[in-house]
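Colleague: what follows is a protein structure lacking sequence information:
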């Protein structure tokens, strides 16, 4: 099977490429080729028994989607997106990348007679908005409180309609907030959830813009990649009309994050967290829900991390030699 | 106040024009001008104390939305849409008219510095999809089962995001199925709900494609116009984050419709209903819900018809001289 990854140079995209190449599998079949696209050219991996194309592409430009699928990939991972903070700050960019590019992709698939790939679309918890119940079921109303959430919710709706019409076989995964996100902070308003673990572990100060009581829903990078590869191999007739699912995660407060950091790296690491309340971040974070009933996803075999300690341990193992 | 009506030549649009001109009011203020647009040129009414522009326009063509708002209407009624059966049969047309044209309008408003009209958007019960509870609350998940419903749900999401950002003051009204719809049948899959009343009252045969047990949610044309004029005058800060509301209606089964017809026009009229089961229509109608909790709309002063008999009586008074 040939796989296309849109957003292949991103943090999850790169790990997904590694996972596909390492296992030599995608969608339960041997991997026979890869198309890797992103706004910057992704690195072409070694060891794929077939063609590999790794190119820079702006999928919000008309024609780019047609070029993206010219090798007729059987599995398409659509991870390309502008993150929440950036979509809120730049109205045009958010709609162009998060909505228009998604629709261009779906339309490009529709235009090809007899082509019916599997599309794995990454959505977000930001499709939900307040007021929230304590635990949010999969069938909770999509009432996004940000432009990013609006764009993802619209993407979910398009996905469901195109899938219902048999244009492709589609599934949307509402990823938990990825933690610990490695590397530099991006423009996601959720960035501090990773920063307060990552920076202290590297001996650096981290800013905490929200109170300790803020609760959130987390998955490690490895768990996120696991969701994507599992989705690609899943029999999607099992989804019924519910095409987008909240992925299982670890529910933890900022205080619980900090205690996990303390258990892993001691008081000295925790002392590097500097409290700097930020109203703008708090206003966005307040619109995010904290805990979910993900029985549907669990029944379909999607697996969360074991605990927040396990999330921290995974980051330490990868970046600090265990 | 200057009002713009998109879809002004349609059944509801024409009645809305009449209501605005008859009362000389819109949004609780004197009516000072009208822009009336539709795919066919609407009739320009007499008696408006100000400019009236009535023109044919295709709002899904780039530039048309900018021209539509060139008089800076303070109130915009967006009724223009391709109906459910047509949007299901013609994928491109449905997305172009129901989604793209709506977005073009919202973008045209956004482009004008300091312009912040009130936008009254007509949505649909088709934003909901099965499985349904017996009674559907306003906060029920939007899970459309048709392309039409998908397009309307996406319109609701855009409306909420643009309104949240202060680009305009917006409200979405999920209209019940209009009954008795006068004139010829249109391509809406719901057309028979009106046909089985309208045709027999005119001494003609009507086809009934679904079983008597099908329950649906109805409003008369007059009630629908009432929702629109009420919305235009409403203080929309009362909506909070719930920007789109299900309008109150009369819940009735096909059997109850037929009994109301019998009470108004006797067995001879009822005998003109010919049962012709149609799987394609039934498949669409099955995806529609039957009854709603519209307390939020009722609290805001939106008013339903008194009964299905009242709906029939209104049609008889208008078209058969009482």
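Modeller: Ah, there it is. Just so we're clear, the structure is a prediction, and the values are computed from it rather than from any experiment.
Colleague: which residues touch whatever residue of the stretch 201-322 of chain A ends up closest to chain B?
Modeller: Minimum separation of the stretch 201-322 of chain A from chain B (Cβ to the nearest Cβ) falls at residue A:241, amounting to 6.4 Å. Just so you know, the C-beta spots here come from the backbone N, C-alpha and C atoms, and that holds for glycine as well. Residues near residue A:241 by Cβ atoms under 8 Å, 6 or more residues apart in numbering or on different chains: A:160, A:164, B:129-130, B:143, B:145.
Colleague: next: residue A:256.
Modeller: Neighbour list for residue A:256: residue A:308 [criterion: Cβ under 8 Å, 6+ apart].
Colleague: now residue A:224
Modeller: By Cβ under 8 Å, 6+ apart, the residues touching residue A:224 are A:12, A:15, A:175-176, A:178, A:247.
Colleague: which stretches of the stretch 201-322 of chain A form helices?
Modeller: Under the criterion DSSP state H, counting those that start in this stretch, the stretch 201-322 of chain A contains helices at A:221-233, A:254-270, A:279-285, A:295-299, A:308-319.
Colleague: quick one, which of those is packed in tightest?
Modeller: Comparing the helices of the stretch 201-322 of chain A by mean neighbour count (mean count of other Cβ atoms under 10 Å in any protein chain shown), helix A:221-233 ranks first with a mean of 22.
Colleague: let me know the pLDDT of the residue in the stretch 1-150 of chain A that chain B sits nearest to.
Modeller: At 4.2 Å from chain B, residue A:150 is the closest residue in the stretch 1-150 of chain A, using Cβ to the nearest Cβ. Among the per-residue scores, residue A:150 holds a pLDDT of 98.
Colleague: off-centre distance for the helix-or-strand element of chain A with minimal mean pLDDT?
Modeller: Taking mean pLDDT, DSSP states H and E as the measure, the helix or strand of chain A with the lowest value is helix A:279-285, at a mean of 87. Mean-position distance between helix A:279-285 and its chain equals 21 Å (Cα atoms, centre = their mean, to the nearest Å).
Colleague: any residues touching that helix, and which ones?
Modeller: For helix A:279-285, contacts defined as Cβ under 8 Å, 6+ apart pick out A:84-85, A:88, A:146, A:189-190, A:192, A:209-210, A:214, A:216.
Colleague: any idea what the nearest residue to residue A:133 once chain neighbours are set aside is bridged to?
Modeller: Of all residues not flanking residue A:133 in the chain, residue A:140 sits nearest, at 7.4 Å (Cβ to Cβ, 6 or more residues apart in numbering or on different chains). Applying DSSP bridges to residue A:140 yields these beta-bridge partners: residue B:140.
Colleague: show me what contacts residue A:140?
Modeller: A:128, A:133, B:141.
Colleague: which of those residues are buried?
Modeller: A:128, B:141 (16 or more other Cβ atoms under 10 Å in any protein chain shown).
Colleague: any idea how far the residue of the stretch 201-322 of chain A closest to chain B is from residue A:297?
Modeller: Using Cβ to Cβ, to the nearest Å, one gets 16 Å for the distance from residue A:241 to residue A:297.
Colleague: kindly report the same for residue A:75.
Modeller: 19 Å.
Colleague: ok, residue A:174 next?
Modeller: Distance of residue A:174 to residue A:297, given as Cβ to Cβ: 9 Å.
Colleague: shared neighbours of those two, which are they?
Modeller: A:245-247.
Colleague: ends of stretch A:44-53, what's the gap?
Modeller: 7 Å (Cα to Cα, to the nearest Å).
Colleague: quick one: contacts of that stretch?
Modeller: In contact with stretch A:44-53 (Cβ under 8 Å, 6+ apart) are residues A:2, A:17-18, A:21, A:24, A:30-36, A:54, A:71.
Colleague: quick one: buried residues of that stretch?
Modeller: For stretch A:44-53, the neighbour count (16+ other Cβ under 10 Å) marks A:45, A:48, A:52-53 as buried.
Colleague: among those residues, which lie within strands?
Modeller: Here DSSP state E is the test, and the buried residues of stretch A:44-53 give A:52-53 as lying in strands.
Colleague: which residues does the closest residue to residue A:69 other than its chain neighbours contact?
Modeller: Of all residues not flanking residue A:69 in the chain, residue A:108 sits nearest, at 5.6 Å (Cβ to Cβ, 6+ apart). Going by Cβ under 8 Å, 6+ apart, residue A:108 touches A:65-66, A:68-69.
Colleague: okay, and which of those map to strands?
Modeller: Among those, no member lies in strands (by DSSP E).
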